[in-house]
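Undergrad: coordinates only, no sequence provided:
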């Protein structure tokens with residue numbers, strides 16, 4: 001069931017109908033714990049709410065910059081549309097080889113394209129490297145690029161354009 005929060009329609013895919021009835025708009029959930037003093041068999045069933053321990057639905061230390069809003073136009077034939085994401089994606093937010101880039105998929109975009117986190121697979125340097133016109137095609141799946149990368153690491157190959 002959809003809810004309106006701050007004028008935005010939110011659909012919680014993980015909730016049950018019981019959870020929807022108890023929703024108070026707070027992202028803070030009290031953590032229920034068994035008091036360590038309740039080791040006695042008669043007291044084991046008793047539970048207390050520990051006000052010092054809370055489980056949050058969000059990371060309070062996460063920067064608000066991590067919130068990404070999708071500006072894509074809505075399509076009526078789609079069942080599910082992701083409108084925002086919170087957190088980091090390894091092949092987008094951290095340094096990665098060009099062939100692993102999520103922003104510019106290797107098989108769907110020109111190989112010379114790169115994001116601010118891409119690096120040259122051969123040189124292990126920030127993209128574009130001095131030899132990007134050939135190194136942009138490098139992948140870990142091709143043995144010639146793996147050999148060239150290893151040779152560069154061992155300084156056997158002084159001319160990185162040799163293939």
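TA: On my side now, so go ahead. Since the structure is predicted, the reported quantities are computational estimates derived from the model, not experimental observations. Numbers count the residues shown, from 1 in each chain.
Undergrad: next, the buried residues of stretch 109-121.
TA: Neighbour counts over stretch 109-121 (16 or more other C-beta atoms under 10 Å) mark 111, 113, 114, 117, 118, 119, 120, 121 as buried. The way it works is simple: take the backbone N, C-alpha and C, and place the C-beta from them, glycine included.
Undergrad: redo those residues as TSV? Include distance to residue 128, pLDDT and secondary structure.
TA: Formatted as TSV, the buried residues of stretch 109-121 follow (distance: C-beta to C-beta, whole Å; pLDDT from 0 to 100; DSSP: H, G, I helix; E, B strand; the rest coil):
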residue	distance to residue 128	pLDDT	secondary structure
111	11	87	coil
113	10	89	coil
114	6	89	coil
117	13	88	coil
118	9	90	strand
119	10	90	strand
120	7	91	coil
121	12	90	coil
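Undergrad: now distance to residue 101 too, for these, in CSV please.
TA: Listed next are these as CSV, based on distance: C-beta to C-beta, whole Å:
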residue, distance to residue 101
111, 10
113, 8
114, 7
117, 8
118, 5
119, 10
120, 12
121, 11
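Undergrad: identify the farthest-apart pair in the residues you listed.
TA: 111 and 117 (16.2 Å; C-beta to C-beta).
Undergrad: tell me the domain ranges of the protein?
TA: Using automatic domain parsing, the domain parsing of the chain gives 2-85, 90-153.
Undergrad: pick out the shakiest of those, pLDDT-wise.
TA: The minimum mean pLDDT among the domains of the chain belongs to domain 2-85 (a mean of 57).
Undergrad: touching, residue 126 and residue 132? I think so.
TA: No: assessed by C-beta atoms under 8 Å, residue 126 is found out of contact with residue 132, at 10.4 Å.
Undergrad: identify the contacts common to those two.
TA: residue 120 (C-beta atoms under 8 Å, 6 or more residues apart in numbering).
Undergrad: out of these two, which sits in the more crowded spot?
TA: residue 132 (19 against 13; other C-beta atoms under 10 Å).
Undergrad: wait, doesn't that one sit right on residue 111?
TA: No: between residue 132 and residue 111 there is no contact under C-beta under 8 Å: 9.5 Å.
Undergrad: quote the end-to-end distance of stretch 107-126.
TA: Length of stretch 107-126, first residue to last, C-alpha to C-alpha, to the nearest Å: 21 Å.
Undergrad: contacts for it?
TA: Stretch 107-126 has contacts (C-beta under 8 Å, 6+ apart) with 92-99, 101, 103-104, 127-133, 135-140, 145, 148-149, 152-153, 160.
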